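Student: Fold the following.
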Amino acid sequence: MSSNKTMLDVNFVRSQFPAFSSPNLKDYSFFENAGGSFAAKQVIDKLTHFYTHTKVQPYSPFPAAEAAGAAMDKSLELVSAMLNVESSTLHFGPSTSQNTYVLAQALRESKPARKTIIVTNQDHEANTGAWRRLANAGFVIREWEVNPDTGALSVDDLNRLLDKTVNLVTFPHCSNIVAYENPVSEICRLVKHAGARSCVDGVSFAPHCFPDLSNLGADIYLFSSYKTYGPHLGILYISEEFNQLLCNQGHYFNTHDLSKRLTPAGPDHAQIAAAGGMSDYIERIYDHHFEHSGTLTHKVKSVGQMQRTHETILLEPLLEYLNHSNKVRILGSSTAHERLPTVALDLAKPAEPVARSLAEHKIMAGGGDFYAVRLLEALGVKEEHGVLRLSFVHYTNIEDIDRLINALDAVL
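Tutor: Residues are numbered from 1 along each chain as shown. Below is the predicted model of the structure:
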């Protein structure tokens with residue numbers, strides 16, 4: 001155990017990820033974390049254990065099934081504690097896109113009196129497309145548009161859009177392109193004051209710090225655990241009150257079971273059991289850095305602060321290099337403290353071949369639209385070009401950043 005460290009021990013962190021020892025990956029630097037992170041050892045161990053020892057229908061009256069059900073229940077308990085919410089408000093689904101689609105259908109069938117839904121063009125399509133399609137069911141879709149120069153959303157603009165017809169406001173905690181952290185608590189208070197509900201897409205934020213949902217104030221919060229070092233699941237928080245107002249999307253005989261109303265098809269049992277490994281990972285990192293204990297919520301916050309500090313330190317030299325380049329346009333802020341470490345670059349040529357060239361320099365990155373077509377259009381990015389996206393998380397080290405800068409220098 002280390003004694004009261006405040007800076008992240010990135011070498012210790014990397015030792016918790018088997019991917020860094022894989023022959024296929026160990027000589028590469030990974031900069032497509034916004035598409036999905038490496039899985040922590042603790043998650044992989046739980047997944048392997050479930051498939052090896054308890055791969056039976058859970059909750060049946062025999063030992064293996066009882067153990068399987070207990071592992072799934074424990075995961076729900078741990079992930080709820082990480083997010084500081086009651087377990088009855090948390091739901092596992094196949095993906096965030098699927099969870100959003102189910103929510104949209106549940107709202108459509110509920111036939112609410114308020115028919116206006118506010119969406120943004122800063123979102124990943126998963127948190128905008130399903131809601132926009134409700135226009136076909138008589139809902140009014142109102143767009144909260146970004147600043148075309150910066151890609152940022154203005155709370156003042158939202159205030160002008162709110163009225164007594166608004167049912168729901170959907171927006172990202174953080175964009176997967178411009179990487180601004182939107183003021184979620186402020187927005188949710190404003191929405192609640194207007195008598196509406198809030199739906200927050202946390203997919204691009206949660207990898208950098210698990211949110212304290214009790215303090216954010218969102219009615220719905222969604223993120224993907226395969227981007228937070230866990231299994232391939234979508235995690236959905238919804239307040240019990242809002243859940244009860246929506247139409248059941250599960251089997252008819254589960255109408256009164258809040259835990260089953262929004263999961264028409266259950267995800268893989270083993271992956272649910274493995275999700276608790278995310279908590280084990282946070283505990284492991286916390287215990288390495290701090291001598292004193294605390295609640296799981298406290299540990300998540302402490303580790304998250306170290307993650308964000310480490311990522312900001314690494315982001316500074318990358319942005320400094322890019323700011324001095326006349327071959328790229330940084331989308332969003334060019335200052336490290338004003339954004340998360342997902343950097344999208346508008347180039348004078350198609351981005352995908354550039355990403356392919358970076359791979360020759362042992363850099364794993366991506367080029368394309370990243371399901372943020374509406375945002376790229378608003379920012380004037382050519383559709384045929386897309387953007388080069390460089391995204392990293394807390395297990396990235398300074399050697400990775402140096403390799404990336406050298407590779408960009410060679411390729412651009």
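Student: so where do the helices sit in the stretch 51-200 of the chain?
Tutor: Counting by DSSP state H, counting those that start in this stretch, the stretch 51-200 of the chain has helices at residues 63-83, 96-110, 129-132, 155-161, 184-193.
Student: again with the stretch 301-412 of the chain
Tutor: For the stretch 301-412 of the chain, helices defined by DSSP H, counting those that start in this stretch occupy the ranges 351-359, 373-378, 398-411.
Student: need those helices in JSON lines with distance to D212, mean neighbour count and mean pLDDT, can you?
Tutor: Where you see a C-beta, it was placed from the backbone N, CA and C, and this is true even at glycine. Below are these laid out as JSON lines (distance: least, C-beta to C-beta, whole Å; neighbours: other C-beta atoms under 10 Å; pLDDT from 0 to 100):
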{"stretch": "helix 351-359", "distance to D212": "35", "mean neighbour count": "18", "mean pLDDT": "98"}
{"stretch": "helix 373-378", "distance to D212": "27", "mean neighbour count": "20", "mean pLDDT": "98"}
{"stretch": "helix 398-411", "distance to D212": "29", "mean neighbour count": "16", "mean pLDDT": "98"}
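Student: which stretch among those helices comes nearest V200?
Tutor: With respect to V200, and counting by C-beta to C-beta, the nearest of the helices of the stretch 301-412 of the chain is helix 373-378 at 16.7 Å.
Student: what's that closest one in contact with?
Tutor: By C-beta atoms under 8 Å, 6 or more residues apart in numbering, the residues outside helix 373-378 that reach it are 121-123, 125, 128, 145-146, 148, 151, 175, 177-178, 369, 383, 386-387.
Student: The same query, at a cut-off of 6 Å, please.
Tutor: 121-122, 146, 148, 177, 369 (C-beta atoms under 6 Å, 6 or more residues apart in numbering).
Student: Identify the farthest-apart pair in those.
Tutor: The widest separation within the contacts of helix 373-378 (C-beta to C-beta) is 17.0 Å, between P148 and D369.
Student: can you tell me how far N176 sits from V166?
Tutor: 25 Å (C-beta to C-beta, to the nearest Å).
Student: Neighbour count: the two, which is higher?
Tutor: Per other C-beta atoms under 10 Å, whichever of N176 and V166 has more neighbours is N176, with 26 against 21.
Student: So the more buried one sits against G36, correct?
Tutor: No: counting by C-beta atoms under 6 Å, N176 stays clear of G36, with 11.9 Å between them.
Student: which one of the contacts of helix 373-378 sits closest to Q98?
Tutor: For these, the residue nearest Q98 by C-beta to C-beta is D369; the value is 20.5 Å.
Student: Not counting sequence-adjacent ones, nearest residue to that closest one?
Tutor: Spatial nearest neighbour of D369, excluding adjacent residues (C-beta to C-beta, 6 or more residues apart in numbering): G386 at 5.1 Å.
Student: Check whether Q16 sits in a helix, strand or coil.
Tutor: Following DSSP: H, G, I helix; E, B strand; the rest coil, Q16 is assigned to coil.
Student: now swap in I235 and tell me
Tutor: Classification of I235 by three-state DSSP places it in strand.
Student: Not counting its neighbours along the chain, what's nearest I363?
Tutor: In space, I363 is closest to A407, 4.7 Å off (C-beta to C-beta, 6+ apart).
Student: quick one: contacts for that neighbour?
Tutor: Neighbouring residues of A407 by C-beta under 6 Å, 6+ apart: 358, 361, 363.
Student: Same question for S225.
Tutor: Going by C-beta under 6 Å, 6+ apart, S225 touches 231, 233, 235, 275.
Student: Show me how the chain divides into domains.
Tutor: Listed domain ranges for the chain are 10-39+298-411, 47-278 (source: automatic domain parsing).
Student: For H289, find the nearest of those.
Tutor: Comparing these by C-beta to C-beta, domain 10-39+298-411 comes nearest, at 6.8 Å.
Student: Distance from the chain centre to that closest one, please.
Tutor: Domain 10-39+298-411 sits 15 Å away from the centroid of its parent chain (C-alpha atoms, centre = their mean, to the nearest Å).
Student: Any idea how far apart the tips of it sit?
Tutor: Distance between the two ends of domain 10-39+298-411: 28 Å, counting by C-alpha to C-alpha, to the nearest Å.
Student: tell me how far the ends of stretch 240-253 are from each other?
Tutor: End-to-end distance for stretch 240-253, by C-alpha to C-alpha: 19 Å.
Student: Identify the residue nearest G368 in space, chain neighbours excluded?
Tutor: Nearest one to G368, counting by C-beta to C-beta, 6+ apart, is G386 at 4.4 Å.
Student: Please report the distance of the one you found from V411.
Tutor: G386 sits 16 Å away from V411, going by C-beta to C-beta.
Student: Ok, N33 next?
Tutor: N33 sits 20 Å away from V411, taking C-beta to C-beta as the criterion.
Student: just L168 next, same as before
Tutor: According to C-beta to C-beta, L168 stands 43 Å off from V411.
Student: And for D369?
Tutor: Going from D369 to V411 by C-beta to C-beta gives 20 Å.
Student: For the stretch 101-250 of the chain, just list every one of the strands.
Tutor: 116-120, 140-144, 166-172, 197-201, 220-224, 234-238 (DSSP state E, counting those that start in this stretch).
Student: Great, nothing more from me.
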